[in-house]
Every structure is written in structure tokens, then in C-alpha cells.
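A.B. asks: model this:
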Amino acid sequence: MTDTELAGTTETLDALTLNAGTTEKFQRDKRPHLSIVFCGHVDAGKSTCSGHILFITGNVDERTMEKNKREAIRKHRDGWEFAYVMDVTEDERDRGKTHEMGSAYFETDAKRYTILDAPGHKCFVSSMIGGASQADVAILVISSRRGEFETGFEGNGQTREHALLLRTCGVGHLIVAINKLDDPSVNWSEERYADIRSKLIPFLKTIGYVEGKNCVFMPISGITGAGLKSPVPADLVGKYYTGPSLLGYLDGLANVKRSADPNIRFLVQGAYRDDGKLTVYGKLESGELSKGEKLLIMPTRREVLVDSILLGEFVVEDAEPGDFLHLRFKQSEEEELHPGYVLCKPGMPLKAVHYFQAQIMISDKPLVSNGFECMLHIHNAECEVSVDRILAKVDRKTNKVLAKDPGFARNGESVIARMKTIGQPVVVELYKDFEKLGRLNLREEGKTIAFGVVTKIYEKQTVS
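C.D. replies: Residues are numbered from 1 along each chain as shown. Model (predicted):
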């Protein structure tokens, strides 16, 4: 599997104007920024961990927590008050399931963080993929409660698929947080902790996450907060874990290298109307963006003018790679934007295509043949595609061509295929040129069946 490791350099930040017409300055924080995504099987405790972190870092006050606690009791969901910090809709709270990708912001003395809280249910994997594609680091939350780990990992649970998707989306560092160790069925058992590790380590190694290299395990309790900000007390874990807390480990990670490419690549996660004007939110992956900037929407090729930029709770004049932003446009009443659209400079348009070539590894499908249709997931985009033509089978390790125009491929084989979108074109780039827009996953009937990278973009979009 192709592997690009995260390297470190410090984010350069400067002073930005807080509001138009004022001399007050918002001083850009010199601390590096890190985006983290919480993933794992449904009910593993992802939202509880996220919400508790926001509370202990001072981003949620006691009054809000008391209100959440009362509501949790009223809904017969005692202990869900921290999850309610992230799960804000009535439906999510009633069902006790995260549906959409939630996001929040917090700080430590060492870094600034954006939390992406991914849904765990298999019906919402597309939202999880969108979050994983924007993350610098992933936290795979595992429930240690008796029966819950087994359901998530050994049955038709999402632990395996989430881990694979994290890797295929390019998340270079994985933290496996073994949660709910405070549960009476576990009681911080060393045997249970070791058993879970022994089952996860071999699997994670097969997909490229190696303990001691780009993967670490740690015990936590999302509900009590043990192991989140401060290390788990020694009287609970004894000598089987002597490492840092979750936040302590994140603070110690090397800084993420941001793209130096001057072209703007703003990956749209969603959009809404504010006073009749279109506002989009997403992540700036490359380039520097300023208020008053003219941008090109791909794939529609419509131009918009940035009226204001919101970074967290601040209105700013400029933004840099790695920033999660809300952009409000002027004169955009008739324009629409959807997840998977990309904003760029008008003079440096990105490619929106119907046809492209990809090297694909078939991971969970007995047979794929010419004309096979499925769903493509690439960055935030999701669209229907067909495997227009399998051009070759290749050796997984050497990329040597084993057979030309085979017409079909079996599970476990690697192929070079020409892909065709069904409907609107999709924005892609060569993996070697810009990784974030060149990684892809293929899914069918609720499961991931293949993954790969874009290797060629056809200049002529009428392919014979």
C-alpha cells in the first residue's frame, strides 16, 4: 500500500484583521494546528470522548453540562451528557447515534485542534470518509466492554472498515484508544486490554499501521475522563500502561507539513444560506485565501467573490493551508455548492473529469468486470461510477503488468482501470501531484470493496 508519512514543520501564522472597519487585530496563534478525527464502531464512545475533551479544555461550561445531564436523564440515557456536546440534533439525541460529521475546536498549551467526530453506524460511512479525508491524525475508539469489542471487530461491525478507510484516505498516524475500561465488566483489566491489543495489532499491521511506528495504543475512559488530559492513575492500570494521556500524546506529535502549492484548493464540506447569501464550509488544503478573492467553483466553473472569512469564531482577512473555514460569498443567490466541490483560482483551474485512470486494489468483491458500477468516494465527493475498462492486472508489490485487457479481476488483485463517472464530473488530481485529491475508495451495498489512487487524467474526455 502506498504510504506517505506525515512530516513536521511549524505552521507560520500572522496578524489578521478581526472585523472590517476596526483597527483591532486578531493575532494568529503561533501554535501549530492539528485536525483529529474520532472513528470506530457505533457506541464505542466517540462523541463522549470528544465532548469530554471539549469540557476539560474549557470549551463547554458547567451550566451546559448540567443541562445536557438533565436531558440525558429525561431521555433515559444516563451518562450521555458528554456525547450531547457533539450530538446536537434531536434525532441524534433520541436515537443515541451520530448521523453527521460533527466538528469543534479546542486548544492546549502546545497546539490548536479541530475535532472531527465521525458517525459509527454503517449507514453513515460516507460522512466518516469525508472526515477522514480532512484529518491529520485519527483516533480509533474501541469499546472494551464485554461483547462490544467483539461485535465491532469480529462481526459486521465498523472497526475494521473504519481502520482501512483511515489508511486509504491517507491518515498517516493512528491512535487506538481502548475505551470503557472503567465498565464493571472490565474494571481496568490488564487481561482484557492485552487481549484487545493482541487481536488488533496483526490486523492493523496488514493495512499499514504498525505499533511503535505510526500507531499507538492507550487506555482511556471517555465517561470519567481518565487518560484524556491526565494519564490514567497507576492504581488503575498498574504497570501495563505507563505512557502519556491522549492529549499529552497529541501535543508531542511532530507538526504536520502543509502544502506549499500556491494554487487554492478549498474542499467544500457543505453549504448554507446566511441572510440570503451563500456560505460554504470546509478545509483549505493549499494556497493562501483572502477576503475579496475571486474563486472558481469546480466542477460547475462558476465564479464567486469572497465577501468574508470565518475562522473559528473570528472574522479574518486571510487564511492559510490547514484552516477550517466558513466562506461567505457576494452575489451568489443562484449558485449552489455541494460536498465534493472544490474552490480554486480562476487562472489555475483544477480538472473536473468524467474519465480518469486509477490503480485499484480489490479488497472485498469476488469479481469485478468491465462495466461494473459502484460508488466512488474521493476527498469529500461521492458519485456513481463505472469501471469502464480494466486495462491491466499488475503485481501488488512491483507494479509489473501481469495481464493486459483481462476484462475482469478477482478479490485481492491489483488492476489499472479506466473509470467513468455517471452524471456530473468529479474533481480529481494525480496522486503524485496532490495526494488529497488523488486517493479514492469504491463502495457497493454498504461496504468498501476497493481502494486506490488516480494515476492518469485523460485530456480528451471522449474515450474509445
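
A.B. asks: buried stuff in stretch 283-290?
C.D. replies: 283-287, 289 (16 or more other C-beta atoms under 10 Å). In short, each C-beta sits where N, CA and C put it, glycine included.

A.B. asks: So which of these are in strands?
C.D. replies: By the criterion of DSSP state E, membership of these in strands covers 283-286, 289.

A.B. asks: Any figure for the gap between residue 196 and residue 36?
C.D. replies: Separation of residue 196 from residue 36 (C-beta to C-beta, to the nearest Å) stands at 21 Å.

A.B. asks: One more: residue 265?
C.D. replies: 21 Å.

A.B. asks: what do you get for residue 273?
C.D. replies: For residue 273, the distance to residue 36 - C-beta to C-beta - is 30 Å.

A.B. asks: These two: which has the busier surroundings?
C.D. replies: When neighbours are counted by other C-beta atoms under 10 Å, residue 273 and residue 36 differ, and residue 36 comes out ahead with 24 against 10.

A.B. asks: That one is in contact with residue 140, isn't it?
C.D. replies: No - Residue 36 is beyond contact range of residue 140, at 11.3 Å (criterion: C-beta atoms under 8 Å).

A.B. asks: Tell me who's in contact with residue 211.
C.D. replies: By C-beta atoms under 8 Å, 6 or more residues apart in numbering, the contact set of residue 211 is 201, 204-205, 217.

A.B. asks: what do you get for residue 242?
C.D. replies: Contacts of residue 242 were listed using C-beta under 8 Å, 6+ apart, and they are residue 234.

A.B. asks: Over to it. Which of the three states is it?
C.D. replies: What DSSP: H, G, I helix; E, B strand; the rest coil gives for residue 242 is coil.

A.B. asks: same check, this time on residue 307
C.D. replies: strand.

A.B. asks: For it, which non-adjacent residue is closest in space?
C.D. replies: residue 330 (4.4 Å; C-beta to C-beta, 6 or more residues apart in numbering).

A.B. asks: Same check on residue 228?
C.D. replies: Residue nearest to residue 228 in three dimensions, not counting chain neighbours: residue 246, with 5.3 Å by C-beta to C-beta, 6+ apart.

A.B. asks: now residue 320
C.D. replies: Leaving aside its chain neighbours, residue 320 sits nearest to residue 288 (5.8 Å; criterion: C-beta to C-beta, 6+ apart).

A.B. asks: Likewise for residue 216?
C.D. replies: What sits nearest to residue 216 in space, not counting adjacent residues and going by C-beta to C-beta, 6+ apart, is residue 175, at 5.6 Å.

A.B. asks: show me the contacts for that neighbour.
C.D. replies: 137-140, 215-216, 218, 246, 249-250.

A.B. asks: the helices in the stretch 151-300 of the chain, which residues?
C.D. replies: For the stretch 151-300 of the chain, the helices defined by DSSP state H, counting those that start in this stretch cover 159-168, 190-206, 234-237, 246-252.

A.B. asks: Could you work out which of those helices reaches nearest to residue 346?
C.D. replies: Of all these, it is helix 159-168 that lies closest to residue 346, at 32.0 Å by C-beta to C-beta.

A.B. asks: what about this structure, any weak spots by pLDDT?
C.D. replies: For the chain, applying pLDDT under 70 flags the ranges 1-27, 87-102, 119-124, 332-335, 461-464.

A.B. asks: Could you chop it up by domain?
C.D. replies: Here the domain assignment for the chain is 33-252, 265-344, 352-457, based on automatic domain parsing.

A.B. asks: Just give me how far the longest one sits from the chain centre.
C.D. replies: Read it as domain 33-252. Distance of domain 33-252 from the chain centroid (C-alpha atoms, centre = their mean, to the nearest Å) equals 14 Å.

A.B. asks: for it, how far is the first residue from the last?
C.D. replies: Domain 33-252 has an end-to-end distance of 13 Å (criterion: C-alpha to C-alpha, to the nearest Å).

A.B. asks: circling back: these two touch, right, the residue nearest to residue 228 and residue 140?
C.D. replies: No - with contact defined as C-beta under 8 Å, residue 246 does not reach residue 140; the gap is 12.0 Å.

A.B. asks: Nearest the geometric middle of the chain, what residue?
C.D. replies: The centroid of the chain falls nearest to residue 132 when counting by C-alpha atoms, centre = their mean (1.7 Å).

A.B. asks: Alpha carbons only: can I get the lengthiest strand in the chain in CSV?
C.D. replies: Criterion DSSP E: the longest strand present in the chain is strand 381-394. Taking Å, rounded to 0.1, in the frame of the first residue of the first chain, the C-alpha atoms of strand 381-394 are listed here in CSV:
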residue,chain,number,x,y,z
ALA,A,381,-17.0,13.9,-3.2
GLU,A,382,-19.4,10.9,-3.6
CYS,A,383,-20.7,9.9,-7.0
GLU,A,384,-21.7,6.9,-9.1
VAL,A,385,-19.0,5.5,-11.4
SER,A,386,-18.4,2.5,-13.6
VAL,A,387,-15.2,0.5,-14.2
ASP,A,388,-15.3,1.4,-17.9
ARG,A,389,-12.4,-0.9,-18.8
ILE,A,390,-9.8,-2.9,-16.8
LEU,A,391,-6.6,-2.1,-18.7
ALA,A,392,-4.2,-4.4,-16.9
LYS,A,393,-3.6,-6.6,-13.9
VAL,A,394,-0.4,-5.6,-12.0
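
A.B. asks: Report the buried residues of it.
C.D. replies: Using 16+ other C-beta under 10 Å as the test for burial, strand 381-394 gives 381-382, 385-394.

A.B. asks: do the same with stretch 245-256
C.D. replies: Quick answer for stretch 245-256 (16+ other C-beta under 10 Å): 245-251, 253, 255-256.

A.B. asks: likewise stretch 315-331?
C.D. replies: Applying a neighbour-count criterion of 16+ other C-beta under 10 Å, one finds 315-329 buried in stretch 315-331.

A.B. asks: Residue 153: which of those is nearest?
C.D. replies: Residue 153 has its nearest neighbour among those in residue 324, at 31.0 Å by C-beta to C-beta.

A.B. asks: Beta-bridge partners for the closest one, please?
C.D. replies: residue 283 (DSSP bridges).

A.B. asks: Test my guess that it contacts residue 114.
C.D. replies: Yes - between residue 324 and residue 114 there is a contact at 5.2 Å, judged by C-beta under 8 Å.

A.B. asks: which residues do these two both contact?
C.D. replies: 35, 103, 105.
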